[in-house]
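Undergrad: here's my sequence, what's the structure:
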Amino acid sequence: MHTRTMTHTMITDYCMNEISKTTTDPDYKQWISNIEKRFRQQQIKAAVQVNSSKIEFYWSLGRDICEMHVEERWGEYVIKQLSEDLRLAIDEAKGLTPGNLYYCKRFYLLYNQLFEKVPQVGEIFRHSLKNESQRGELQNVPQVGEIFKPLHAITENLMLPLNIFAIPWGHHKVILDRYESEPMKALFYAAKTLEHSWSRAVLENMMGDKGKDNGLYERQGKAVNNFPATMPYPTGDLAAEMISDPLNMSFLKLKAKYDEHTLKQALIRHVNDLLMSLGTGFAYIRNEYLLSVAGKEQFSDLLFYNTKLHAYVVVEVKVTEFESSYLGQLSGYMSLVNHILKDDIDRPTIGLLICRSKNNVFAQYCLEGYNQPIAITAYEGIQILPENFNDTLPSIEELEAEIEK
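TA: Below you'll find the predicted structure:
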């Protein structure tokens, strides 16, 4: 009995030792990590596929309602009856309310009119769906800009997937409510949603105020710049399309008498919102970046790197109207970055001057004297707080004083 117990203990110890060796082995750990990664990717693919299938089903419902002329054929109340019948017949169709069925109809009409006007879009769209159904995964399709060259907001160099079925239904409803009669704008925001994975709140913010032409569609690519003249084609055109004017800074809340330091600190605290406002591919490096040459020290306001353009971006922020002298300061910082940070794989550094306001004609004339790629944009939307508003937490002494009162 004792010998058997000892043998069992030895076997157990041996197994535990082998397990310990296995779990600490780097190859084993890497294998587990790879399995987990594959599982997560499959989950994402499955979720995307389920969403795409649902939106495609909504598209087909909208097509049926339109092509069968159901309202003319069975009366205006047929949509309500259709909703009831579908929800009785299909357990999973609880979301097919009368309102949603009307959205299905509007969804089909919105994009179908675009495909009818520009047949190439429909061909690419159908080709994308065919490939997707065969492989069960998303497919990047030819660039939207190749089809819509007149549309300033979409460039031939920016990859914009056209699979509208990959966008959540709630996003489609937001786009429909705003741009049902403007298919080009609808397509723009649909493509941007896919490109950046916007949430519904971000999508609404990028559309701007209802009834006003101040959304990203109107602002993108409007900054005064010399990119086409100072950068090789097509990089210059791509860079020009990426910078919006004016920049939307509605995410900031400042007192009326704010200075440059206050504005820059606020932008740093909200750097994620700033990155989204700037455009595609911007990565934040740091603020007050030290540029030291020959014992001289200079500090740029903000330093970014753009992964699309493969270039550093020096940003200077001013709280006053554009002045020509601002360009000299920015140009100096750009030259320092080119000498200190830029590698052979990087393109020449880009400069971005952000001012409170600017005269476009004056700014464009001033840019003609510079052979470095620079853009000038204004900003708007900062929410102004009352002067007596305390935007910091009270100190312990202030709290004690209030309690004593």
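Undergrad: can you list the weak-confidence ranges in the chain?
TA: In the predicted model of the chain, residues 1-25, 28-29, 31-32, 40-50, 114-162, 214, 387-395, 398-399, 405 satisfy pLDDT under 70.
Undergrad: in the stretch 251-400 of the chain, which spans are helices?
TA: With DSSP state H, counting those that start in this stretch as the criterion, the stretch 251-400 of the chain has helices at 260-269, 271-278, 325-340, 360-367, 396-404.
Undergrad: what comes up buried for the fourth one?
TA: What it means is helix 360-367. 363, 366-367 (16 or more other Cβ atoms under 10 Å). (Each C-beta comes from the backbone N, C-alpha and C, glycine too.)
Undergrad: what is the nearest of the residues you listed to Ile345?
TA: Leu367 (27.1 Å; Cβ to Cβ).
Undergrad: circling back: right, so of the helices of the stretch 251-400 of the chain, which gets closest to His171?
TA: helix 271-278 (16.0 Å).
Undergrad: and that closest one, how far from the chain's centre?
TA: Remark: helix 271-278 is offset 9 Å from the chain centroid, using Cα atoms, centre = their mean, to the nearest Å.
Undergrad: got the contact list for it?
TA: For helix 271-278, the external contacting residues (Cβ atoms under 8 Å, 6 or more residues apart in numbering) are 196, 202, 243-244, 247-249, 251, 267, 282-284, 304, 352.
Undergrad: pull out the buried residues from stretch 81-94.
TA: Applying 16+ other Cβ under 10 Å to stretch 81-94 flags 82-83, 93 as buried.
Undergrad: relative to Lys37, which of the helices of the stretch 251-400 of the chain is closest?
TA: Closest of the helices of the stretch 251-400 of the chain to Lys37 is helix 271-278, at 25.4 Å (criterion: Cβ to Cβ).
Undergrad: all strands for this structure, in order.
TA: Using DSSP state E, the strands of the chain run over residues 224-225, 247-248, 253-255, 282-293, 296-306, 311-317, 347-355, 374-380, 383-385.
Undergrad: what is the neighbour count of the residue nearest to Ile90 when sequence neighbours are not counted?
TA: Nearest non-adjacent residue to Ile90, counting by Cβ to Cβ, 6 or more residues apart in numbering: Leu96, 7.8 Å away. Counted with other Cβ atoms under 10 Å, residues neighbouring Leu96 total 20.
Undergrad: who are the neighbours in contact with Leu96?
TA: Shown in contact with Leu96 (Cβ under 8 Å, 6+ apart): 61, 83, 86-87, 90.
Undergrad: again, only this time at 6 Å
TA: 83, 86-87 (Cβ atoms under 6 Å, 6 or more residues apart in numbering).
Undergrad: mind putting the strands of the chain in CSV, mean neighbour count and distance to Met184 included?
TA: CSV is the format used below for these (neighbours: other Cβ atoms under 10 Å; distance: least, Cβ to Cβ, whole Å):
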stretch, mean neighbour count, distance to Met184
strand 224-225, 26, 24
strand 247-248, 20, 21
strand 253-255, 15, 34
strand 282-293, 15, 26
strand 296-306, 18, 26
strand 311-317, 24, 29
strand 347-355, 23, 28
strand 374-380, 22, 24
strand 383-385, 12, 31
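Undergrad: for Leu238, which of those strands is the nearest?
TA: strand 296-306 (10.1 Å).
Undergrad: CA atoms only: put that closest one into CSV for me.
TA: C-alpha atoms of strand 296-306 as CSV (Å, rounded to 0.1, in the frame of the first residue of the first chain):
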residue,chain,number,x,y,z
LYS,A,296,19.7,76.3,-29.8
GLU,A,297,16.4,74.9,-28.4
GLN,A,298,13.1,75.3,-30.1
PHE,A,299,9.7,73.8,-29.1
SER,A,300,7.0,73.0,-31.7
ASP,A,301,3.4,73.3,-30.4
LEU,A,302,2.2,69.8,-31.5
LEU,A,303,4.0,67.1,-33.4
PHE,A,304,2.1,64.3,-35.3
TYR,A,305,3.0,61.6,-37.8
ASN,A,306,0.7,60.8,-40.6
